[in-house]
Every structure is written in C-alpha cells, then in structure tokens.
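Engineer: Give me the fold of what follows.
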Amino acid sequence: MNRRVVISGIGAWSCLGVGIEKVKESLFEGKSGISIDQKRIEMGYRSPLTGVVEKPELKGLLDRRSRKGMSEEAEYAYMATLEAMKNAKMDLDFPETHDVGILYGNDSSAKAVSEAIDVIRLKKDTTLVGSGSIFQSMNCTVTMNLSTILKLKGINFTISAACASGSHAIGLGYLMIKWGLQDHIICGGAQEVNELAFGSFDGLSAFSVQMDDPTKASKPFDKDRDGLVPSGGAASLILEDYESAVKRGAPIIAEVVGYGFSSNGEHISNSNVDGQVKSLEMALNDAGLSASDIDYINAHATSTPGGDYAEAEAISRVFEGCDTPVSSTKSMTGHECWMAGASEIVYSILMMQNDFIAPNINFENPDEASEKLNIINKTTNKNIDVFLSNSFGFGGTNSSLIIKKFEE
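Structural biologist: As a prediction, this is how the structure comes out:
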C-alpha cells in the first residue's frame, strides 16, 4: 500500500514556551530559552548552560498512581500529547474505540536511575526505592506511561537513536501508516533537562563555555561556535492515514511526504558528510522531489565545530545552486537531544502555517563550509510549501524528513 500520511495535530513543551502559541511567538521573535543552571555550577560542571523548561503540574490532571510512574520526560511528553490531541480534535476517549499507536523518541532516563541507585546505596534496602521507579527509569518510560494513561491499543514502542530519535519516530510512524499497518499514531520525542542527565556530555567538553550572555552561547554555523547547549522538553504530532483523518473530520495541517535515513558506519561520535548526503537524497527520492522543490531546511546544526561543518558540506552538495534558506532553531533552544527531531518538525510547521522563517540567531561570521549556505539570521517572511528537517546522532544515525503543506 502507499497511503497518504497527514499530520492533524501538534503540541510542544519547550524552553521556547509551553504550548505552540507561545513557541510560535518565540520563534518569530528569535527569542532564546537558554540560561544558567546553578545546580550544575555546584556539581562542578564545566558548563552550566541549559535550556530552561517549565515543570508541568500534573496534580489534578492525573491520579497519584499514574503520576508516580512518570519520569520527567514522560511528564513533558504527556503535556505535549494532550495539546496535540486537542488540536487534532481527537477526544481522549477516541483511543478506546480505535487503534491508536505511539512511537516516541527517548534515549535516557538518567535522573530516575540515579535517584534509585542513591536510595539503594544509602539505605541498603531495595524495597525503599518505590514501585514507580522502574517505570520512570526504563528508556521506554514515555511510551509505557502514555500508552497506559491514554489507553492506546496500537503499536507501542520507543525509538532510541541518540539525537535522531524523535525524527526516526516520525519516520517510522510515516512508514507504518503508509504501508497500511496503522491508521493513527502519536509520534514525538522527549528529553529530560535535569543536571543528572548531562554529566558525561559535559565531561567530553561538548558544551559551550561562552557564558557572558547565555542567550548567545548557541551559535550554529558561526565560525566562533565552541559547543552545544543542552536542552529538552517534548514535542508530539498526531500522524494519520488521510482517509481516516477525513472520515473523522480532523483538521489536516501538513503531510509527511519523504523519509531518508542512513548509518555512517564509521566513528561513533564524529559526523560524516557522505552518510548525511545519503539520508538527504533518500528523503528527496522518497518524496519524488528535487532539491529545488524544498523551500526551507531546518538544519540539525548543534553549534559544534565538526558537526556543523559536516552538515554544511552535505547540504551544499545536495542543494548546490538552489540557494535554499537554512536555519537552525537550536540557536534559540539549544540542543534538545532525543526531542529535537520531533520538536524541529513542530517548529517548522509553525513557520509554514505563519509564513516566516525563524532566524539562526547568533550567526555573524561564517566559516568556509557555512559560507556556501543561505543561512537566515533574521526573521524572514516566506511562503513555505515544502520543508526538510535533518537530525543526526551519535553512532552515525542519520534521519531526514520532508513535510509538505497539505493540499486536497
């Protein structure tokens, strides 16, 4: 089968704001969500920079038993999913009578694991860890909690693919629906933001230490970039078969038309131009589009010296002569890690809906790779009919998605 796959709802819980309306405003204004975390200073972090994400208040929304098993990232994902379902006009009782699945990107639950081990070491008694700990600490904490709370009966698993996790979740959801295996899937990505999640990254000297003005620390593609800024939250999308969406009167907002992926098969952390090119070309081929058909590229660019350089080279190779507008929303959000591949689809959809390109803030001086690209550093009015979003992760996993404005 080769069914059309549409997006009927989006939701976000982000350092740019709680809910898509606030996120849209921040994107348009080029407003950063990055600040300094005092706890990281106290813990001896090399860099205390982080995206600042509001903690949800779930008391009154969920009973105590449900809340007890939820990790930080599961809480973010729950709130983003509620918004996405509401925007898709999918009532909370819809999953009880229809097979709704969930595919969500997540690749850590460090806080829950650390806190459980601390209790065991201190008390020497595993029974004091608490019954909710296991459901918080597993990598599939988001999908196991949301599938239970929302009574989902369709496909249900977590995609663990480093910083491409959220993107692959959407890509796999697209394929499941395209091939006729599911009609409705909640897709997304989530990332914990606490100080326990990022110690090893900090130890690799992966983070920016430009702390004079936290909002200027994340500078994708700029030659003076010195590392990424960690961030997180959650983003959710409702993917549906076109016919099923029409049948239930869903407000269709976009269509997934292309998914490309590859593995670099080389260094575990260094980027690879050839692998990224393969992902980009596969997405274009799957969509039946040429490079000149793409109106905007939301780049993966995390503000690391090597990663941004490789992506700029890959984009310039595939899009040579197209002058396609490019920006990285990570300049405002920092790197949302396992969430990023999903959130950047949501951010780009908001741009598509409102005819603008969000700026790659802090981009002042290109290097020899980024000078080949048309990098947008100020909010620009632009009609976007088709956009492409890249996500690349440790282990050499690459994902590229192409989204099109919906047409009958």
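Engineer: Could you use CA atoms for every contact and neighbour count after this?
Structural biologist: Will do.
Engineer: which residues does the residue nearest to the spatial centre of the chain contact?
Structural biologist: With distances taken as CA atoms, centre = their mean, the residue of the chain nearest its centroid is Ala340 (2.3 Å). Residues near Ala340 by CA atoms under 8 Å, 6 or more residues apart in numbering: 163-164, 166-167, 189, 232, 391.
Engineer: in the one helix or strand it maps to, what's buried?
Structural biologist: Secondary structure from DSSP states H and E places Ala340 in helix 340-354. Buried positions in helix 340-354, judged by neighbour count with 16 or more other CA atoms under 10 Å: 340-352.
Engineer: Beyond it, next helix or strand please.
Structural biologist: Counting by DSSP H and E, what follows helix 340-354 is strand 356-357.
Engineer: Ser391 and Ile170 touch, don't they?
Structural biologist: No. Using CA atoms under 8 Å, Ser391 makes no contact with Ile170, being 11.5 Å away.
Engineer: which regions of this protein sit below the pLDDT cut-off?
Structural biologist: Nowhere does the chain drop to pLDDT under 70.
Engineer: now the farthest one out in it, which residue is it?
Structural biologist: Outermost residue of the chain (CA atoms, centre = their mean): Lys124, 38.4 Å.
Engineer: just checking, Pro95 is part of a strand?
Structural biologist: No. Membership of Pro95 in a strand is not supported by DSSP: H, G, I helix; E, B strand; the rest coil, which gives helix.
Engineer: how about the nearest residue to it, chain neighbours excluded?
Structural biologist: Excluding its sequence neighbours, the residue lying closest to Pro95 (CA to CA, 6 or more residues apart in numbering) is Leu152, at 5.5 Å.
Engineer: So the one you found: helix, strand or coil?
Structural biologist: coil.
Engineer: That one and Ile268: what is the separation?
Structural biologist: 35 Å (CA to CA, to the nearest Å).
Engineer: Neighbour count for the two, which is higher?
Structural biologist: Leu152 (24 against 12; other CA atoms under 10 Å).
Engineer: you'd agree Asn156 is up against Val100?
Structural biologist: No. With contact defined as CA under 8 Å, Asn156 does not count as touching Val100 (9.1 Å).
Engineer: for the stretch 301-408 of the chain, what spans make up the strands?
Structural biologist: 325-327, 356-357, 374-375, 380-381, 386-393, 397-405 (DSSP state E, counting those that start in this stretch).
Engineer: contact partners of the last one?
Structural biologist: When you say that, I think you mean strand 397-405. Counting by CA under 8 Å, 6+ apart, 161-162, 164, 167-168, 171, 253-264, 275-276, 279-280, 283-284, 287, 352, 384-392 sit against strand 397-405.
Engineer: With adjacent residues omitted, what lies nearest to Glu240?
Structural biologist: His184 (4.5 Å).
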